[in-house]
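*Asks:* Attaching a predicted model along with its sequence, questions to come.
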Amino acid sequence: AQGNLFFVVTEGSLAKVILKIDFKTSSTTPQITEITRTTTPINSMAVSEDGQFIFLSTIDGISKTTISTLSSDLLVSPNYSSEITLSKDQQSVYFNPSRARLSQVVISTKEVRAVAGTGGDSFPSVVQDQVSALSAIIGNVFDLATDLDGNILIGTTLGDRVMMFDPVANTVSQIWGNGVILSSSNI
């Protein structure tokens, strides 16, 4: 949201509080508002452009992920999902229901579909360029982001790569990294 920053902060040792920092109200001192506190740890957050919808990925242990707005659940998955990002058109949320797959949930219908990755535990040994999305070997998803063109950038830890899912062409391409495992990627 323009003029606002949203932060997830810790309470104790777990990320459970969302703060909104509003720079529009005053040029010298921003206004800080607590938006919510959760009972389960927040793993990832995405905010709509108007700041009205905040999507959370919360984790109950290591087995269940809930993607929700502040008022209702959008998706409860029996799998661990570490990251979420909002689509460019703000109509869906992308998430990783397994370490090597990218899925999409449509906000209005709550329809979920796999969009990229095989879901396998391997990592690509060769550069992938514009391969069919569902046959792409993604690796271990570590971070997700949406670029200005609406592509989903996927940071991986297996092979230290950044890959790009193009939802229009339905392809995945490697855009950064050489496949040498050094440290975890972070977009």
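*Replies:* Thanks, I have the structure now. Residues are numbered from 1 along each chain as shown.

*Asks:* The worst-scoring helix or strand of the chain on mean pLDDT - contacts with which helices or strands?
*Replies:* Ranking every helix and strand in the chain by mean pLDDT, DSSP states H and E puts strand 54-60 at the bottom, with a mean of 71. If contacts are counted by 3 or more C-beta pairs under 8 Å, 6 or more residues apart in numbering; DSSP states H and E, strand 54-60 sits against strand 42-47, strand 64-68, strand 84-86. For every residue, glycine as well, the C-beta is placed using N, CA and C.

*Asks:* Of those strands, flag the one that's most buried.
*Replies:* Greatest average neighbour count among the helices and strands packed on strand 54-60 goes to strand 84-86 (a mean of 22), per mean count of other C-beta atoms under 10 Å.

*Asks:* what does whatever helix or strand comes next after that strand contact?
*Replies:* Counting by DSSP states H and E, the next helix or strand C-terminal to strand 84-86 is strand 92-98. Here strand 92-98 makes contact (C-beta atoms under 8 Å, 6 or more residues apart in numbering) with 46, 55, 57, 65, 67, 74-75, 77, 79, 81-87, 102-107, 114-115, 117, 119, 141, 144, 146, 152, 165.

*Asks:* go on, stretch 110-119?
*Replies:* Against stretch 110-119 from outside (C-beta under 8 Å, 6+ apart): 74-75, 94, 97-98, 100-106, 133-138, 141, 152, 154, 165, 167, 170, 172.

*Asks:* give me the number of residues near the closest residue to L14 other than its chain neighbours?
*Replies:* Here the nearest residue to L14 in space, its sequence neighbours aside, is P41; by C-beta to C-beta, 6 or more residues apart in numbering that works out to 4.3 Å. Around P41 there are 17 other residues, counting by other C-beta atoms under 10 Å.

*Asks:* Roughly how far does P41 sit from V76?
*Replies:* Between P41 and V76 the distance is 15 Å, computed by C-beta to C-beta, to the nearest Å.

*Asks:* again with A114
*Replies:* 17 Å.

*Asks:* More neighbours: which of the two?
*Replies:* Ranked by neighbour count (other C-beta under 10 Å), A114 and V76 place A114 first, with 15 against 12.

*Asks:* so what's that one bridging to?
*Replies:* S103 (DSSP bridges).

*Asks:* what residues are up against the residue nearest to the spatial centre of the chain?
*Replies:* The chain has I84 as the residue nearest its centroid, 2.0 Å off, counting by C-alpha atoms, centre = their mean. By C-beta under 8 Å, 6+ apart, the contact set of I84 is 44-46, 55, 57, 67, 93-95, 144.
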